[in-house]
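**Student:** sequence below, structure please.
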Amino acid sequence: MKKSIFYLLLLAFALLPGISAAATKYWIGSAGGAFSTAANWTTTAGSACGVNANTTAPGAGDIAAFVSDCTNSAVISGAASVAGINMAAGSLTQNTGQSPTLTVGASGFTQSGGSFTGGNTAISLGGLDISGGSFTSTSGTLTMGGNFSLSSGTFSHNNGTFKFFYNAASQALSFSGTQSLYNVTVGGGANSYSNTLTLAGGTTLTVKGTLSFAGLVVAPDIINGGAIIAEGDLIQSTYGTTGSTVVTVAGSGTQTLTGGGGVTANLPPLIINKPAGTLTLVGTITTLNNWTYIAGTLDAGTSTLKFFKSNSMDNSLTLSGTQSLYNVTVGGGASSHSNTLTLAGGTTLTVKGTLSFAGLVVSPDIINGGAIIAEGDLIQGAY
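**Tutor:** I've put the predicted structure just below:
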């Protein structure tokens, strides 16, 4: 009896209108055909262009496939949302003039051949795996919610923004393959925090435009592995980013590092090694990680560099390279104590503005090594 009821329920569900299983739908359209046109697709693998049109256009639960059986070009002219895209041949273009968005779900965008050309509006991908062909991003924002891998073929940034992580918490994704991007944003959003980006071993990510550590709430995002080279401006938001990945400021022109405030913000380990040009520090920049100066002009302006944030305890970091800063604060905050700042051998830190020993609770912070020259006021905290 129970089995009979079960099978009846299955049959009833299958007959419900508007409900269909996810499918792989193959492009068979004419050259320049619309992605959204039903007659341009088939569920029959191996179909040539214009043959076996028997389906609707791919929807949010479907995989859109572009294979060698039909290599006519396809155009996205309206908002498109699919579970995944498999591209082995042909071409797919996001129509710049009509500003359509493209959303690809958890199955991601897998490309072994052909070409994708982005427009100027948003693209959201549940992952991108390029082993052949060419992928040109949008000049707007591409949001990456899954792993990125480039083993062969090309990825072109199109002077757009590459944003890691959806507006959610505790996501983890990896980035594999040395690559140059334009603007890069890590995290950001009212519900985005504690996400982890892992750069695969041997991966160097070069950021030509602005690098934003955009964590805004609760806790910073994390970047581990590989290396990042920043050739443009850097922005630290309220919570910023931490982790083991070293960020090297290495642009040959003028660059700015803007701080996110002194309470909760963080930065990855930072090396300033500019072949030419000036790095200007703006606002209050807070870090729990190593800070190294090697080369280039460092203009501290009227900025404050704060070592250790409000809730840091028993942390340690190293400042390397003789340099001049404006205001410098060591420690400070209701729960900050017992942190150790080490000045590397031969390092002299000149403080042009105010030097604050800001320990407030439990036990003092510690400074070892090197030398400090104070040219402005000095302030001693409670500890």
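
**Student:** pLDDT weak spots in the protein?
**Tutor:** Confidence mapping of the chain against pLDDT under 70 gives the ranges 1-21, 310-311, 333-335.

**Student:** show me the helices in it, by range?
**Tutor:** 2-15 (DSSP state H).

**Student:** which residue is nearest the middle of it?
**Tutor:** Central residue of the chain (CA atoms, centre = their mean): F164, 2.9 Å from the mean position.

**Student:** you'd agree that residue is up against L173?
**Tutor:** Yes. In this structure, F164 is within contact of L173 by CB atoms under 8 Å, at 6.8 Å. Just so you know, the C-beta spots here come from the backbone N, C-alpha and C atoms, and that holds for glycine as well.

**Student:** burial count for the nearest residue to T93 once chain neighbours are set aside?
**Tutor:** Computed as CB to CB, 6 or more residues apart in numbering, the closest residue to T93 that is not its neighbour in sequence is T117, at 4.6 Å. Using other CB atoms under 10 Å, T117 has 20 neighbouring residues.

**Student:** beta partners for T117?
**Tutor:** For T117, the beta-bridge partners are T93, T136 (DSSP bridges).

**Student:** roughly how far apart are the nearest residue to T278 once chain neighbours are set aside and V282?
**Tutor:** If the residues on either side of it in the chain are set aside, T278 comes closest to T297, at 4.2 Å by CB to CB, 6+ apart. Between T297 and V282 the computed distance is 15 Å (CB to CB, to the nearest Å).

**Student:** before we move on, what about A88?
**Tutor:** A88 is 48 Å from V282, by CB to CB.

**Student:** same question, S338
**Tutor:** In terms of CB to CB, S338 sits 30 Å off from V282.

**Student:** what's the answer for T136, then?
**Tutor:** From T136 over to V282 the distance is 33 Å, taken as CB to CB.

**Student:** N315 now?
**Tutor:** N315 is 24 Å from V282, by CB to CB.

**Student:** same check, this time on S73
**Tutor:** In terms of CB to CB, S73 sits 46 Å off from V282.

**Student:** then A371?
**Tutor:** 27 Å.

**Student:** higher neighbour count, those two?
**Tutor:** Each of A371 and V282 has its neighbours counted (other CB under 10 Å); V282 has more, 17 against 11.

**Student:** next up, the contacts around the more buried one.
**Tutor:** T256, L257, T258, G259, G301, S303 (CB atoms under 8 Å, 6 or more residues apart in numbering).

**Student:** mind running it again at 10 Å?
**Tutor:** D233, I235, Q236, T256, L257, T258, G259, D299, A300, G301, T302, S303 (CB atoms under 10 Å, 6 or more residues apart in numbering).

**Student:** closest one to L270 out of the residues you listed, please.
**Tutor:** L257 (8.2 Å; CB to CB).
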